[in-house]
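A.B. asks: What follows is a predicted structure for the sequence shown.
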Amino acid sequence: MSSASGTTGVRVDAYTWAIRLYATRSAATAACKAGHIKVNDASAKPAQVVRIGDRVRALTPGGERIVIVTGLITKRTSAPLAALNYDDLTPPPPPKEERPATVLRERGAGRPTKRDRRLIERLRGRDGVPGDGD
């Protein structure tokens, strides 16, 4: 593991790339420039230095991630080694909403009749759809 133990900080774009929040260093830099990375609740420029104990919030393609810096790392390593350099405080994703069951019709049954359509809408929880003549 390549740790920058002799330094007091690491560039935020290099750090977020090294701990695998972003796939490329240029993506991490672009996220900083777009304002998607905050260090201690303040927008970060790519060259801003992060230190041990800083809180980094990053809007990644997989959703928002919140990490606390526990170690300084400048080179990208394996995910298990990178995980040693931060504490992940990201809340778990909310549970997926229950969706109504999809209505499957037999192949070759043709278009649903008006009565069938009303039953399907009732199953989906959309009673009283405007314009259906009820």
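C.D. replies: Good, I have the coordinates. Residues are numbered from 1 along each chain as shown.
A.B. asks: so where is this protein shaky, pLDDT-wise?
C.D. replies: 1-7, 97-101, 103, 127-134 (pLDDT under 70).
A.B. asks: and if we set it to 90?
C.D. replies: Scanning the chain for pLDDT under 90 picks out the ranges 1-9, 61-63, 74, 91-113, 116-134.
A.B. asks: Strands of that one, start to end?
C.D. replies: Assigned by DSSP state E, the chain shows strands spanning 10-11, 37-39, 42-43, 49-50, 55-60, 63-69, 86-88.
A.B. asks: Tell me which of those sits nearest to R126.
C.D. replies: Set against R126 and scored by Cβ to Cβ, these come closest in strand 63-69, at 29.7 Å. Bear in mind the C-beta positions are built from the backbone N, C-alpha and C, glycine included.
A.B. asks: Residues touching that closest one, excluding its own?
C.D. replies: By Cβ atoms under 8 Å, 6 or more residues apart in numbering, the residues outside strand 63-69 that reach it are 15, 19, 21, 50-58, 85-91, 93.
A.B. asks: I would like a PyMOL command selecting only the buried ones among those, please.
C.D. replies: Selection command for PyMOL covering only the buried members of the contacts of strand 63-69, criterion 16 or more other Cβ atoms under 10 Å:
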select buried, resi 15+19+21+50+54+56+57+58+85+86
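A.B. asks: Output stretch 80-87 in CSV with nothing but the alpha carbons.
C.D. replies: Listed next in CSV are the C-alpha coordinates belonging to stretch 80-87 (Å, rounded to 0.1, in the frame of the first residue of the first chain):
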residue,chain,number,x,y,z
PRO,A,80,-9.9,-4.0,0.4
LEU,A,81,-6.6,-2.0,0.9
ALA,A,82,-8.3,1.2,-0.2
ALA,A,83,-11.1,0.6,2.4
LEU,A,84,-8.5,0.7,5.2
ASN,A,85,-8.1,4.5,4.5
TYR,A,86,-11.7,5.6,5.1
ASP,A,87,-14.8,5.0,7.2
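A.B. asks: Just checking the distance from that stretch to the centre of its chain.
C.D. replies: 18 Å (Cα atoms, centre = their mean, to the nearest Å).
A.B. asks: again with stretch 63-74
C.D. replies: That offset, for stretch 63-74, works out to 14 Å (Cα atoms, centre = their mean).
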